[in-house]
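Asker: coordinates for the following, if possible.
(2 chains)
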Amino acid sequence: MTLKIALVGCGRIADGHVEEIQKLPTQARVVAVCDREILMAEQIATRYRVPAFYDSYERMLERERPDVVHITTPPQSHLALSRLALDAGCHIYVEKPLALNHSDAKTLIDSVASSGRKMTIGYTYLFDPPALEMRAAVNSGALGKVVHVESWYGYNLAGQFGAAVLADPTHWVHALPGRLFHNNVDHLLNKLIEFVADDEPQIEAHAWRRHPVQFGDVRDEMQDELRVTLVGRETSAYGTFSSHVKPAAHFVRVYGEKSIMNVDYVARTVTLDPGATLPSSIGRLVPAFGQAMQFLRAGARNGIAFARGDFHFFSGLNRLISMFYDSILDEAPLPISTRDMLRVSAWMDRIFSQIGAGPRRR
Amino acid sequence: MKKVLVTGATGFLGGSLVERLLAHGENNLRITVRPGSRRERVLTAAARYPDARIEFVEANLAAPGDAARATDGVDVVYHLAASLRGAPADMFLNTVVASKHLLDAIGARKPMRVVLVSSFSVYGVAELGRGALVDEQTPLETHPERRDLYGHVKLRQEALFREHVGKNGFELVILRPGVIYGPGGIAFSSRVGLNLFGLFLHLGGRNLLPLSFVDNCADAIVVAGQAAEAAGQVYNVHDDDLPTCAEYLEAYRREVKAIRCVRIPYPALAVLSHLLERYHAWSKGQLPAIFTPYKSATTWGGNRFDNSKLKRLGWKQGISTAQGMQRTFAWLRAKS
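Answerer: Numbers count the residues shown, from 1 in each chain, chains lettered A, B, ... in the order given. Below you'll find the predicted structure:
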């Protein structure tokens, strides 16, 4: 059996979903796409040869009777579209952020629980190759007990999405409670949840705007730099969202009692800082060669994966979708727990309540 | 007094079009501008025509309400606004959906005439064979998903306008320019080749390059826009004395700067395209399929071109191709 997949919301990220689903022909097939603007649904259907497209969500659910709906609309509509899909008996994949606030996130997840259907959320980087490698190393005890985690998410305001947000004062991002951060800090926080076990760690957040005032409207008020500190019972964490540090880095550092691990999502490398194990100046000389060898091995592994045709931009998205479909088809475990989704949404609420929506606070 | 709406006026072609409209006596213009976009070029052109009335309207045509405001009370629309690059969804939103909003607004207000600036890229030349003549009778693309995104977007945009003509009954004039070039524009059309990690792949060879100097193109748009007999017609827009891609590249290297080039003859490109397409499929899209046999035949197969229909309408090339290239290269040289 292959799952019938429908998608609603034919914006930029929808391309990635359709492409990755179409790489899983033994698990699923995309049967229909929907957007309230029919031309947007039509264009993606034409480019990916999807058999049907709609501008009515209800009609699509009724006619196509999909097994799974991917909800890739702006977050303002996630709750309502999720409920309609669940009522129609569908499992749901919801893009991040889950909802506009923690209360809506809880309502959404309660609806999933009462429907008996399954859901996942687009925490794709948790399933990127470096994240998998890091998880295996942490579980093997290579770092010892984790003391602290640092998560860095660089953002390019001049990139395709950033430019679209800055070009349009009516862009839906400006209407989110956490504005630019709201659409991105899932990727910052969801990497911490496997290390910070607490439901309610201490959280302190600071945010400000660094881009120049130039528009005379809501865009001038958009904060673009965020620093977060979390302190849990066992583990602490830092989170950095920066729109101005270049290059736009994307990494996690895991600080253990035995070693420090550097997980680079851009270069797809995972390396350990073993520290000096030899005495005197030799102890300062040798580590660089050890680090160089680690990067060489990581590069070689990536090269081999590339030669095999298994080194894709959306590796994490593909793996997450496949694991989610496995959970439906074979009762495999869900890739992401609803508790973790709720913890992220609760932390986001607390961060946004601290930083406010004002133009500058520092 | 007739009111003329221009969309995309702050763009490369738009700046010239405003100047040409004013020069042809259209002195009551409404210009749509995206919030925060630059207006200097339009204002510079307008300064030479002190009697002209220029009204700016901040509008994002991707939002339907803005289109209604922009079209209120206008008699003629020159629609240039389009997305040249970006993610597919953004390009469709900013070109096709924006056009739909404009057309919906026009439908309610019935201006006399709509002038759409389309593109050569709507023609389906891949299956015509190398050297085929491209004129207004050339069939439109039937496999847009197999070629470049820009062509797909412009094809859908044109189709949308034709659908609305049937519904709303306005006069539609379509212009399809070739390669618009000039000071302020880009150095190379993809028809000449592609810059790949600092190395220029010269793919066009001895193919004719259908250049249209930006001021000549703008002039053609106004000539067609004002001609009564242009209603319901399509016009290809390009200049005379077209150079080959190789001649253009050679002149660029001589006049602007030396660049590292590799010439890839079409038969080699055809083989490479075939291999890349197979690799793309085998690797499940690990690398983008920038070359496929279909795309290569479309862009680098080589065609002949015909602008006689535009000339019969009364358009004459104002800036010669030699002058146009000279001015463009001088600007590029100063910029580099």
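
Asker: where does chain A get nearest to chain B, which residue?
Answerer: Residue nearest to chain B within chain A (CB to the nearest CB): residue A:309, separated by 3.4 Å. Just so you know, the C-beta spots here come from the backbone N, C-alpha and C atoms, and that holds for glycine as well.

Asker: could you find the closest non-adjacent residue to residue A:27?
Answerer: residue A:325 (4.5 Å; CB to CB, 6 or more residues apart in numbering or on different chains).

Asker: what does the helix or strand containing that neighbour rub up against?
Answerer: Element membership for residue A:325, per DSSP states H and E: helix A:315-329. Here helix A:315-329 makes contact (CB atoms under 8 Å, 6 or more residues apart in numbering or on different chains) with A:1, A:3, A:16-17, A:20-21, A:23-24, A:27-28, A:67-68, A:91, A:93, A:118, A:120, A:122-129, A:131-132, A:312, A:332-336.

Asker: can you give me the helices for the chain?
Answerer: No chain specified, so I'll use chain A. In chain A, the segments counted as helices under DSSP state H are A:12-22, A:38-48, A:57-64, A:78-87, A:102-115, A:129-139, A:160-167, A:179-182, A:185-189, A:282-307, A:315-329, A:338-355.

Asker: that's the wrong chain, I wanted chain B
Answerer: Using DSSP H, helices in chain B cover B:12-23, B:40-47, B:64-71, B:88-91, B:98-109, B:149-168, B:214-226, B:245-255, B:266-282, B:293-300, B:308-312, B:321-335.

Asker: about what we covered before: which of the contacts of helix A:315-329 are buried?
Answerer: Applying 16 or more other CB atoms under 10 Å in any protein chain shown to the contacts of helix A:315-329, the neighbour count classes A:3, A:16-17, A:20-21, A:23-24, A:27-28, A:67-68, A:91, A:93, A:118, A:120, A:122-129, A:131, A:312, A:335-336 as buried.

Asker: just to revisit the earlier point, how about TSV for the helices of chain A, with mean pLDDT added?
Answerer: Formatted as TSV, the helices of chain A follow (pLDDT from 0 to 100):
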stretch	mean pLDDT
helix A:12-22	97
helix A:38-48	97
helix A:57-64	98
helix A:78-87	98
helix A:102-115	98
helix A:129-139	97
helix A:160-167	87
helix A:179-182	96
helix A:185-189	96
helix A:282-307	94
helix A:315-329	97
helix A:338-355	96
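
Asker: dump the ones you listed to a markdown table, plus distance to residue B:287.
Answerer: Formatted as a markdown table, those follow (distance: least, CB to CB, whole Å):
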| stretch | distance to residue B:287 |
| --- | --- |
| helix A:12-22 | 14 |
| helix A:38-48 | 18 |
| helix A:57-64 | 33 |
| helix A:78-87 | 33 |
| helix A:102-115 | 38 |
| helix A:129-139 | 18 |
| helix A:160-167 | 19 |
| helix A:179-182 | 31 |
| helix A:185-189 | 25 |
| helix A:282-307 | 9 |
| helix A:315-329 | 14 |
| helix A:338-355 | 34 |
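
Asker: among the ones you listed, which comes closest to residue B:188?
Answerer: Closest to residue B:188 of the helices of chain A is helix A:160-167 (CB to CB; 22.2 Å).

Asker: okay, buried residues for that closest one please.
Answerer: Using 16+ other CB under 10 Å as the test for burial, helix A:160-167 gives A:161-162, A:164-167.
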